[in-house]
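Asker: Need coordinates for the below:
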Amino acid sequence: MNAYIDPNRHHREKGFALITVMVMVGVLAALAAAYYALTMSEVSSQRSQAGLNTGFNAAEAGLNLRAKALRSIFQSYNAPSGNPATNCQSTNSTDWGTGDYICKNYTVGNRTATTYLKANPNNPVAITIPGGELYAGLNAQEYVYDIYSRAGTDPSKPEAILQMRTKVRLVPLFQFAAFYNKDLEIEPGPNMNLAGPVHVNGDLYLGSGATLSIGGQTTVTDNLYHGRKDTNSCSGKVTITDAAETPQYTPFSSASSGCSGGRKQVTKGDLPTWSGNVQTGVDRVQVPPPEDMDPKPGAAYWDKADLRIALKLDSSNAPSGVDVYNSDGSINYSASNALTSCSGAVSYSDKNTSPHGLYNSREGKWISMLDVNVPSLLECAHKHSISMMGGKDLNDTTEGGLVFYFTVKGPNSSASANDYGVRLKNGGTLASPHSTDPAIKGLTVVTNQAIYVQGDYNKTNKKPAGILADSFNVLSNNWNDANSQSWGHRKATSTTINAAVLSGTDSTGNAEGAAGQDNGHYNGGLENYPRFLEQWSGKTLTYRGSFVSLGKPRHVNGAWVYGNPQYTAPVRDFGYDTSFNNAANLPPLSPRFVYLKQEMFDRTYTR
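Answerer: Numbering: from 1, shown residues only. Below is the predicted model:
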């Protein structure tokens, strides 16, 4: 029997196949469309997320830039002024604030970060930095600011809105037993007790011929060593108090034995010995530059001084007189005449004219000197307060007391190694010789030249006192200019100085860090921060204050050498003046450093 063959079967199968293919094509097209939509959604999401991240980074950069600008205001001895912003997106410019509070834009990549400040209404407050924090126990003025930053490509549609609450702390440098903006070495021969905190923007080298004891928080930006910088050696015992104020020896010495052999570095693993009271690797502190002490308009101490006196030099660099100056750099002729009428308040010597003045054996030269008779000048300033101090009197409390600036003006006065100096004499009592004249609140003396303190200073009626100078030279109560070139006749007698001091100090090896190590050229260390020019053996220099060094001297270059013809060492009764722990007792216009502490960070997501 023959099978039946459907003549339309082939066509139907081809039709089914075509329909199947078309269905599959539709399915694939739908899948492709779905995949494309999903992919584009992901791309869009990624682009959106990338935009948000870029906006966030730009806004964060805006916060940091505005915080940096805020710090720079305080570093210039100012605080933000002006009216706060109310709306940085407004077309009305008055809404953008004024002065330091004005809305400020920063371009970061292809984004614009708009920033502004808001001040806490309680600014400023006096605080003691809490225990456990960096610089714990120190006094500070604290300002609190909220910094806002919004960033994006469209100002009306920010990608990120950030807020940071920042504490600005102003910490007076004179609260440290020693503060160095460079390497610090402390290598005394006999026992030495250094009470108070120590900070070093560099390396710290500790050692002793006996025992060196530091009684305060010790913070170091770079490395801490037990041993010398000038030679690879280590000797003596070193203790630093822990957080409980208990002396703890370095890991390399003990109560029975000192350090020996080569220089040894204190590592991070050694630091728990002091329970946080010794820290290395801390952030570098931004300090005032030496130019702040320059005798020119715009420099902080010149601008803010109550009295500015300069020794004038003629074209041959010979002293030709003394004048009083205004803050704009012009001579105040009425004040200069008043000063001249006060016999003995100031005088000067010419190194080229007999009797030549003072011979500095460290510099190996005669020095033309501006001599300041401290009590006589105070008497004169009171008598002529209108012309000399613009109406302020001795008891003025602006800046915490009086600020007197002394300098030398002439063609060679700014040389890297000149022949000039300023000397303070008869300063054992910081007061006018007339008991009926007003008592001073405090006195800070500033000069961009080398300063010489002859005899006791601030001994009998101790006042908040500061000395800021290019270098700090101490002459005993027995100093006589006529004997200044004779080693055999330069015999010191015991002397007392109570004053915080900021001055330049030499660098061992003429370099900071490892570049200055092991070359044998010692700078004298903290124990020789005061420069000596006499035979002090068996005599005591009693010093209470604070040693601050912001760099190398700019106008002297004599190297430290022990013995003839320079000096022999005194019995060093050195100590931090603990009265400085009360901010009211700090010298007028104390130099300070500024640091910011972030308290809060917040992000408002896009609207």
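Asker: Strands of the stretch 151-300 of the chain, residue ranges please.
Answerer: For the stretch 151-300 of the chain, the strands defined by DSSP state E, counting those that start in this stretch cover 160-172, 178-180, 184-186, 192-195, 198-200, 204-206, 211-215, 218-220, 224-226, 237-241, 247-249, 264-266, 278-280.
Asker: Output those as a markdown table; include the columns distance to Ala499.
Answerer: Bear in mind the C-beta positions are built from the backbone N, C-alpha and C, glycine included. Formatted as a markdown table, these follow (distance: least, Cβ to Cβ, whole Å):
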| stretch | distance to Ala499 |
| --- | --- |
| strand 160-172 | 14 |
| strand 178-180 | 15 |
| strand 184-186 | 20 |
| strand 192-195 | 17 |
| strand 198-200 | 19 |
| strand 204-206 | 24 |
| strand 211-215 | 20 |
| strand 218-220 | 23 |
| strand 224-226 | 29 |
| strand 237-241 | 25 |
| strand 247-249 | 28 |
| strand 264-266 | 32 |
| strand 278-280 | 28 |
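Asker: Relative to Val594, which of those is closest?
Answerer: strand 160-172 (5.8 Å; Cβ to Cβ).
Asker: buried set for that closest one?
Answerer: 160-172 (16 or more other Cβ atoms under 10 Å).
Asker: partner strands of that strand, parallel or antiparallel?
Answerer: Note on strand 160-172: by DSSP bridges, its sheet partners are strand 139-152 (antiparallel), strand 592-604 (antiparallel).
Asker: from the middle of its chain, how far away would it be?
Answerer: Relative to the centre of its chain, strand 160-172 is centred 19 Å away, using Cα atoms, centre = their mean, to the nearest Å.
Asker: Check stretch 500-513 too.
Answerer: Distance of stretch 500-513 from the chain centroid (Cα atoms, centre = their mean) equals 14 Å.
Asker: same deal with stretch 196-207?
Answerer: Distance, centroid of stretch 196-207 to centroid of chain: 14 Å (Cα atoms, centre = their mean).
Asker: Which parts of this protein are helices?
Answerer: 9-75, 300-304, 333-341, 374-383, 385-389 (DSSP state H).
Asker: got the contact list for the last one?
Answerer: I take that to be helix 385-389. Outside of helix 385-389, the residues within contact range by Cβ atoms under 8 Å, 6 or more residues apart in numbering are 306-307, 324, 332, 334-335, 338-339, 380-381, 391-394, 396.
Asker: So, low pLDDT: which residues of the chain?
Answerer: Scanning the chain with the threshold set as pLDDT under 70 gives 1-52, 605-607.
Asker: So among the contacts of helix 385-389, which ones count as buried?
Answerer: 306-307, 324, 332, 335, 338-339, 380-381, 392, 394, 396.
Asker: could I get the residues you listed as TSV with distance to Tyr562?
Answerer: Shown next, in TSV, are the buried ones among the contacts of helix 385-389 (distance: Cβ to Cβ, whole Å):
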residue	distance to Tyr562
Asp306	40
Leu307	38
Val324	41
Asn332	45
Ala335	44
Ala338	45
Leu339	40
Cys380	40
Ala381	40
Lys392	45
Leu394	41
Asp396	43
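Asker: Identify the residues contacting the residue positioned nearest the centre of the chain.
Answerer: Closest to where the C-alpha atoms of the chain average out (Cα atoms, centre = their mean) is Val287, at 2.1 Å. For Val287, the contact set (Cβ under 8 Å, 6+ apart) comprises 173, 181, 201, 550, 591, 593.
Asker: who's in contact with the second one?
Answerer: The one in question is Asn181. Neighbour list for Asn181: 201-202, 285, 287, 549-551 [criterion: Cβ under 8 Å, 6+ apart].
Asker: do that again at 10 Å, thanks
Answerer: Neighbouring residues of Asn181 by Cβ atoms under 10 Å, 6 or more residues apart in numbering: 173, 199-202, 221, 284-290, 505, 512, 548-551, 593.
Asker: Tell me how many other residues crowd the closest residue to Pro587 other than its chain neighbours.
Answerer: Excluding the flanking residues, the one nearest Pro587 by Cβ to Cβ, 6 or more residues apart in numbering is Gly466, at 3.1 Å. Neighbour count for Gly466, taken as other Cβ atoms under 10 Å: 28.
Asker: Please apply the same query to Pro319.
Answerer: Neighbour count for Pro319, taken as other Cβ under 10 Å: 22.
Asker: correct me, but it touches Gly410?
Answerer: Yes. At 8.3 Å, Pro319 counts as touching Gly410 under the criterion of Cβ atoms under 10 Å.
Asker: Now the common contact residues for these two.
Answerer: 311-313, 368, 420.
Asker: from these, which is closest to Ala58?
Answerer: Nearest to Ala58 among the shared contacts of Pro319 and Gly410 is Tyr420, at 52.5 Å by Cβ to Cβ.
Asker: who's in contact with that closest one?
Answerer: With Cβ under 10 Å, 6+ apart, Tyr420 has these contacts: 311, 313, 317, 319, 348, 351, 367-370, 407-408, 410, 412-413, 447, 449-450, 470, 555-556.
Asker: Could you do Ala482 as well?
Answerer: By Cβ under 10 Å, 6+ apart, the contact set of Ala482 is 355-356, 358-359, 489.
Asker: Could you do Cys88 as well?
Answerer: 95-97, 102-105, 114-116, 148, 150, 155.
Asker: What is the nearest of those residues to Ser72?
Answerer: The closest of these to Ser72 turns out to be Lys104 (Cβ to Cβ; 13.0 Å).
Asker: what about the nearest residue to the closest one once chain neighbours are set aside, neighbour count?
Answerer: Residue nearest to Lys104 in three dimensions, not counting chain neighbours: Thr115, with 5.3 Å by Cβ to Cβ, 6+ apart. Thr115 sits with 26 neighbouring residues when counted by other Cβ under 10 Å.
Asker: who's Thr115 bridged to?
Answerer: Note on Thr115: beta-bridge partners by DSSP bridges are Lys104, Ser149.
Asker: how far away is it from Leu65?
Answerer: Applying Cβ to Cβ, to the nearest Å, the value for Thr115 to Leu65 is 7 Å.
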